[in-house]
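K.L.:
Fold the following, please.
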Amino acid sequence: MWQILARRELRPFAIIWCGQLSSLVGSALTGFALGVWLFQRTGAVTDLALNALCTTLPMALLSPLAGALVDHHDRRTLMIASDCLAATVTLAIAFLALGGRLATWHVYAFTVLISALNVLHGPAYLATVSLLVPKEHLGRTSGMTSLAYAASSTVAPALGGALVVTVGLAGVIVIDLATFVLATVSLLVVSIPRLSTAGQAARSSYWHDVAAGWRYIAARPGLLWMTLYFAALNLAEGMSNVLRVPLVLSFAPPTALGAVMSAAGLGGLAGSFLMSTWGGPRRRVHGVLAFTALAGLFMVVAALRPSVLLLGIAYAGRYVCGPLFSGCATAIQQSVVAPGMQGRVFAVGSAVRGATLTLVYLAAGPLADGVFEPLMIVGGALSGSAGALIGVGPGRGIALLMGLLGLVTMGVALAGRLSRRLYRIEEELLDAARPQASDAAQVTAEGAVRAAEV
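P.N.:
Purely as a prediction, here's the structure:
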């Protein structure tokens, strides 16, 4: 990975990536600290679930609008504006915390605003990468993006717990503000290609283009199949994440939950590092399908026995697979989608993810507690059949649901393999020419990509 970062042609990406890594860690620290504050104040899991919904709803509702903004305006300007607005909102929370005036609704409002700004920042960043990076390195840079997210989710709980005790909520937020500065500076010192938007207004109105991402995907069956593929996958994967906490705590203490979550985080780091080093198979769709199926297998393994060791291995294995199949999918989209449409196409993915996760958060509790747990109690309807395989009692209904989700995930991978459109997406859509980083002068008003001397 470090050899890739040292390559001269990847230096602009490396500078931006380092800034984004620091910002992700800072934001994760603030999110962790606010979650601790919220639970300590109310003691209600419902409040934490509501805060999670505040994260996904903007993703579902605002992503198409954000995609149109990304493809109509300078992407660096949008990322800098997003970071500056996020820093302003974070500063307001810091003042409220220092003054002892922070309330529950402030946290919800903060989460909604930050999530809305991330909806704009995410597609802008992903669409920028394809202009900065030669095609042969897109798989590795996708892995590095996953590595940044995995590192933030792994570092934040461990570091955040210590910081909350030593410097308090306000101190954690100040650290987050410093990371926003680093992210903004990294964007300012790099020259990023600008796609020409001349004539766009004449061809279509801005509001008409909000739906252009959906139309672009619908007109290309391979992309449509990939969107449906990940919609189904998000439902299964998202619900398995929600089930992790009650599944472990049904038979083990909270310390065991911490161990399982740490194993999952380390798995995510390992998968991201592997993707950034390897770059995925030559035909990246093979990576999407194979690692999806393997992730489903690990979910089935997690359902077999109430064992902390088994769950740790299963979740670590599943989280190794995540960056690999998602990194391959991102690299495919960056390769086959026209540069002027990438913001809107990535925004469609964010909207689908937000919608499916919202359904997951609403359905997981009633489905697990009201349907599957009663089936697997002693004397339950499935205690003599499924119970003979995975056991009966508290948590075994959740385990059964987990196993079924694993089978669904494997079925999604099989359906993807049987779909000619998805399986041949790279061959059929690669002719949608994407300018290479070496050809950036043809699509930029700023000239060739170059890093400022630092």
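K.L.:
buried set for stretch 12-22?
P.N.:
Neighbour counts over stretch 12-22 (16 or more other C-beta atoms under 10 Å) mark 12-17, 19-22 as buried. Heads up, the C-betas are built off the backbone N, CA and C, glycines and all.
K.L.:
With stretch 107-126 instead?
P.N.:
Burial within stretch 107-126, assessed by neighbour count using 16+ other C-beta under 10 Å, is assigned to 107-108, 110-126.
K.L.:
Which members of those occur in helices, if any?
P.N.:
Judged by DSSP state H, helices contain the following of the buried residues of stretch 107-126: 107-108, 110-126.
K.L.:
so L247 makes contact with I398?
P.N.:
Yes: L247 is within contact range of I398, at 4.9 Å (criterion: C-beta atoms under 8 Å).
K.L.:
In a helix, V392, correct?
P.N.:
No: per DSSP: H, G, I helix; E, B strand; the rest coil, V392 lies outside any helix segment and is coil.
K.L.:
Which helix or which strand is home to the nearest residue to it once chain neighbours are set aside?
P.N.:
With C-beta to C-beta, 6 or more residues apart in numbering as the criterion, V392 has its nearest non-adjacent residue at 4.6 Å, and that residue is S383. Following DSSP states H and E, there is no helix or strand that holds S383.
K.L.:
So, low pLDDT: which residues of this protein?
P.N.:
1-7, 39, 42-49, 157-158, 195-210, 430-454 (pLDDT under 70).
K.L.:
which helix of it spans the most residues?
P.N.:
If you go by DSSP H, the chain has its longest helix at helix 11-42.
K.L.:
who does that helix touch, helix- and strand-wise?
P.N.:
In terms of contacts (3 or more C-beta pairs under 8 Å, 6 or more residues apart in numbering; DSSP states H and E), helix 11-42 is packed against helix 45-72, helix 75-98, helix 104-132, helix 138-166, helix 168-188, strand 190-191, strand 450-451.
K.L.:
and the closest residue to M79 other than its chain neighbours, what does it touch?
P.N.:
Of all residues not flanking M79 in the chain, A124 sits nearest, at 5.0 Å (C-beta to C-beta, 6+ apart). Residues near A124 by C-beta atoms under 8 Å, 6 or more residues apart in numbering: 70, 75, 78-79, 82, 343.
K.L.:
and which of those is nearest to A92?
P.N.:
Distance to A92, by C-beta to C-beta, is smallest for S82 among the contacts of A124, at 16.0 Å.
K.L.:
thought the closest one was touching V119?
P.N.:
No: S82 sits out of contact with V119 when judged by C-beta under 8 Å, with a separation of 9.1 Å.
K.L.:
Excluding residues flanking it in the chain, which one is nearest T358?
P.N.:
In space, T358 comes closest to T56 once its chain neighbours are excluded; the distance is 4.7 Å by C-beta to C-beta, 6+ apart.
K.L.:
what's the neighbour count on that neighbour?
P.N.:
When neighbours are counted by other C-beta atoms under 10 Å, T56 registers 20.
K.L.:
OK, contacts around it?
P.N.:
Contacts of T56 (C-beta under 8 Å, 6+ apart): 115, 354, 357-358, 361.
K.L.:
Equivalent analysis for G406, please.
P.N.:
Residues near G406 by C-beta under 8 Å, 6+ apart: 236, 240, 296-303.
K.L.:
Just flag the most distant two among those residues.
P.N.:
Longest span within the contacts of G406, C-beta to C-beta: A236 and V301, 14.9 Å.
K.L.:
on that earlier part again, make CSV out of the buried residues of stretch 12-22 and add distance to Y149.
P.N.:
Formatted as CSV, those follow (distance: C-beta to C-beta, whole Å):
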residue, distance to Y149
P12, 20
F13, 16
A14, 17
I15, 18
I16, 15
W17, 12
G19, 14
Q20, 10
L21, 9
S22, 13
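K.L.:
Tell me the one of these nearest L429?
P.N.:
Nearest to L429, judged by C-beta to C-beta, of those is F13 at 23.4 Å.
K.L.:
center of the protein - which residue?
P.N.:
Nearest to the mean C-alpha position of the chain, by C-alpha atoms, centre = their mean, lies Y149 at 7.3 Å.
K.L.:
Report the contact partners of the nearest residue to that residue once chain neighbours are set aside.
P.N.:
Of all residues not flanking Y149 in the chain, L24 sits nearest, at 6.3 Å (C-beta to C-beta, 6+ apart). L24 makes contacts with 148-149, 151-152, as judged by C-beta under 8 Å, 6+ apart.
K.L.:
What separation do you get for L24 and I93?
P.N.:
Separation of L24 from I93 (C-beta to C-beta, to the nearest Å) stands at 18 Å.
K.L.:
same check, this time on G317
P.N.:
Going from G317 to I93 by C-beta to C-beta gives 37 Å.
K.L.:
Confirm for me that T292 is in contact with S326.
P.N.:
No: at 9.5 Å, T292 does not count as touching S326 under the criterion of C-beta under 8 Å.
K.L.:
could you measure P58 against V119, distance?
P.N.:
For P58 relative to V119 (C-beta to C-beta), the value is 6 Å.
K.L.:
actually L297, not the one I wrote
P.N.:
For L297 relative to V119 (C-beta to C-beta), the value is 33 Å.
K.L.:
Equivalent analysis for A219, please.
P.N.:
As judged by C-beta to C-beta, A219 and V119 stand 24 Å apart.
K.L.:
Same check on H106?
P.N.:
From H106 to V119 the distance is 20 Å (C-beta to C-beta).
K.L.:
Likewise for T141?
P.N.:
The gap separating T141 from V119 is 21 Å, by C-beta to C-beta.
K.L.:
just G391 next, same as before
P.N.:
Per C-beta to C-beta, G391 is found 42 Å from V119.
K.L.:
swap in F372?
P.N.:
Applying C-beta to C-beta to F372 and V119 gives a distance of 33 Å.
K.L.:
same check, this time on E9
P.N.:
E9 sits at a distance of 30 Å from V119 (criterion: C-beta to C-beta).
K.L.:
Next: P254.
P.N.:
33 Å.
K.L.:
same thing with L382?
P.N.:
L382 sits 41 Å away from V119, going by C-beta to C-beta.
K.L.:
try S335
P.N.:
Per C-beta to C-beta, S335 is found 24 Å from V119.
K.L.:
what number of residues lie near L188?
P.N.:
11.
K.L.:
That one and M79 touch, don't they?
P.N.:
No: counting by C-beta under 8 Å, L188 stays clear of M79, with 10.4 Å between them.
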